[in-house]
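S.K.: Sequence and predicted model, in that order:
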Amino acid sequence: MPVDVPPPSSDKPTGADGSVPTGRRIPEATVARLPVYQRILEELLRSGTSTVSSELLGAAAQVNAAKVRKDLSLLGSFGTRGAGYDVAFLVEQIDHQLGLDRDWTVAIAGVGNLGRALARSQGFAARNFEVVALVDTDASIIGERIDGVEVRHPDDLPAIAESTPLAIGVITTPAPVAQRVADLLIEAGVRSLLNFAPRVLDVPDDVFLRYVDLSMELQVMSFYQARRLDHEAGGRMPIIRSVGLSPGGRR
């Protein structure tokens, strides 16, 4: 679904006429590519690169240069013909559009192996995501502290949210209890959910929900692997285009 975004938060003029563009709708596919561009741009910054062309950025992200230019034009007019994009400024603007210039509180429901790994992830803090709540129904781990955060029962979510408003809920529970946990998070005021549980959830229209299902991703990989083996056995091989990022690969 398209996403409404505010204009860039910079005193630099970004419009072609020197004005700051008004908020505009960004397609979900573009939003999904922005973190990929961001990761590439940050690598360029670390290597000392100050400007980048749409061709180079597109090659690294495995999309064509025209798509890069179209994606970035939805954020504002940042490039200079013949000179490319200012890497540091573009990082700043993508940070703003992704909301990474704000702090976000995260609640993780389900403190099994995956939940613990996420709770200890250094990448969360680096992107201004702070894990402030851990909940689980297992009495043997309730009261345990993981990186300073106490594991509590899901019924405590309203009390937790009262003292610390929760922005994002991450569900890593078994499938049978995922809907109940989602309901509790929503009742506690959470309006963005990231669901790792292999279950389709029913949520209100004002709740943003995304799924992360590793088994489904493996099924996609299985599809392409089976086609590759069929081709090696003498069958026809369909044209395979990169799905997501393949570090070091070419489009």
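M.R.: Everything's here; your move.
S.K.: In contact with the closest residue to Val212 other than its chain neighbours: list those residues for me.
M.R.: What sits nearest to Val212 in space, not counting adjacent residues and going by C-beta to C-beta, 6 or more residues apart in numbering, is Phe196, at 5.1 Å. Every residue, glycine included, has its C-beta placed from N, CA and C. Contact partners of Phe196, counting by C-beta atoms under 8 Å, 6 or more residues apart in numbering, are 110, 114, 170-172, 212-213.
S.K.: Ok, Val203 next?
M.R.: So Val203 contacts 182, 186, 193, 209 (C-beta under 8 Å, 6+ apart).
S.K.: which residues touch the third one?
M.R.: Just to be clear, that refers to Leu193. By C-beta under 8 Å, 6+ apart, the neighbours of Leu193 are 168-171, 182, 185-186, 201, 203, 207-210.
S.K.: Quick check: the gap between it and Pro154.
M.R.: Leu193 is 14 Å from Pro154, where distance means C-beta to C-beta, to the nearest Å.
S.K.: Over to the first one?
M.R.: Spatial separation of Ala182 from Pro154 under the definition C-beta to C-beta is 11 Å.
S.K.: now the last one
M.R.: Distance, Leu209 to Pro154, using C-beta to C-beta: 18 Å.
S.K.: Compare these two and say which is more crowded by neighbours.
M.R.: Per other C-beta atoms under 10 Å, whichever of Leu209 and Pro154 has more neighbours is Pro154, with 21 against 18.
S.K.: and the more buried one, what are its phi and psi?
M.R.: phi -60, psi -30 (degrees, to the nearest 10).
S.K.: partners of the closest residue in space to it that isn't next to it in sequence in the sheet?
M.R.: Residue nearest to Pro154 in three dimensions, not counting chain neighbours: Val135, with 4.5 Å by C-beta to C-beta, 6+ apart. Using DSSP bridges, the bridge partners assigned to Val135 are Ala109, Arg152.
S.K.: Can you tell me how far Met221 is from Ala61?
M.R.: Separation of Met221 from Ala61 (C-beta to C-beta): 20 Å.
S.K.: neighbour count winner among the two?
M.R.: Each of Met221 and Ala61 has its neighbours counted (other C-beta under 10 Å); Ala61 has more, 19 against 11.
S.K.: Now the more buried one. Nearest residue, chain neighbours left out?
M.R.: In space, Ala61 is closest to Val36, 5.0 Å off (C-beta to C-beta, 6+ apart).
S.K.: Walking through the stretch 51-200 of the chain, point out its strands one by one.
M.R.: With DSSP state E, counting those that start in this stretch, the ranges of strands along the stretch 51-200 of the chain come out as 51-52, 85-86, 104-109, 129-135, 145-146, 149-152, 168-171, 192-195.
S.K.: Direction included, what does the last one pair up with?
M.R.: Next to strand 192-195 in the sheet, as set by DSSP bridges, lie strand 168-171 (parallel), strand 208-211 (parallel).
S.K.: Compare the ones you listed and give me the one nearest Lys67.
M.R.: Lys67 lies closest, by C-beta to C-beta, to one member of the strands paired with strand 192-195: strand 208-211, at 22.2 Å.
S.K.: So for the helix or strand following that closest one, mean pLDDT?
M.R.: Proceeding N to C from strand 208-211, the next assigned helix or strand is helix 214-232, under DSSP states H and E. In this model, helix 214-232 has an average pLDDT of 88.
S.K.: Ok, stretch 164-179 next?
M.R.: Stretch 164-179 shows a mean pLDDT of 96.
S.K.: That's all I had, so thanks and see you.
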